[in-house]
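1. Have a look at this fold, sequence not included:
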């Protein structure tokens, strides 16, 4: 495996030490700072990984980013790319799901299950295939809990006041 040699300037070293002394930063950023300081001291990847409870792959990645992309890139983690194509239930399909979940369940059933809702979306031709977990996440997003007092996919039921306050 290709080894990237870390050599920090005094200014970069002071920046990392100040960041660690302050301690008010993201955990991953602090871990990368510790990796850079130990790598600058000349330690190998395995002892660094064991000392900081990170993987050796993380140590290799931080070393490589310092050498290839620079100090700030090695310190800050890369943001995750947006994944709009991963969301299967959105817009009109989500509205259809909520409408189905609020309707009466099929005959012989006392309530809708996630599997029944997923099968119904496929049967209606709204999606080719959908998992129960995707249905659960979509319903959770609409705050659909049968016990929830907030509006969502389920009808709220009125509850008596238990505050004990005097009624006037």
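-> Structure's in. What do you need? Please read these numbers as outputs of a predicted model, since none were measured by experiment.
2. How about residues contacting the host helix or strand of residue 61?
-> Secondary structure from DSSP states H and E places residue 61 in helix 56-69. The contact list for helix 56-69 (Cβ atoms under 8 Å, 6 or more residues apart in numbering) reads 1, 3-6, 31-32, 35-36, 39, 45-46, 48-49, 73-74. All C-beta spots, glycine's among them, are computed from the backbone N, C-alpha and C.
3. what mean pLDDT does that helix have?
-> For helix 56-69, mean pLDDT rounds to 92.
4. what comes up buried for that helix?
-> 58, 59, 60, 61, 62, 63, 65, 66 (16 or more other Cβ atoms under 10 Å).
5. and the next element down the chain from it?
-> helix 71-75.
6. just checking, what packs against the helix or strand following that following helix?
-> Per DSSP H and E, the first helix or strand lying C-terminal to helix 71-75 is helix 92-102. Here helix 92-102 touches helix 114-123, helix 132-141, going by 3 or more Cβ pairs under 8 Å, 6 or more residues apart in numbering; DSSP states H and E.
7. The closest residue in space to residue 8 that isn't next to it in sequence - how many residues pack around it?
-> Nearest non-adjacent residue to residue 8, counting by Cβ to Cβ, 6 or more residues apart in numbering: residue 40, 4.5 Å away. By other Cβ atoms under 10 Å, the residues close to residue 40 number 17.
8. Start at 685, not 1
-> Noted, 685 is the first residue going forward, which turns the last one into residue 724.
9. give me every residue that touches residue 724.
-> By Cβ under 8 Å, 6+ apart, the neighbours of residue 724 are 690, 691, 692, 697.
10. Could you check what's spatially nearest to the first one, not counting adjacent residues?
-> Once flanking residues are discounted, residue 690 sits nearest to residue 723: 3.9 Å by Cβ to Cβ, 6+ apart.
11. what's the pLDDT at that neighbour?
-> 91.
12. From residue 728, how far off is the closest residue to residue 710 other than its chain neighbours?
-> Excluding the flanking residues, the one nearest residue 710 by Cβ to Cβ, 6+ apart is residue 761, at 7.6 Å. To residue 728, residue 761 is 23 Å away according to Cβ to Cβ, to the nearest Å.
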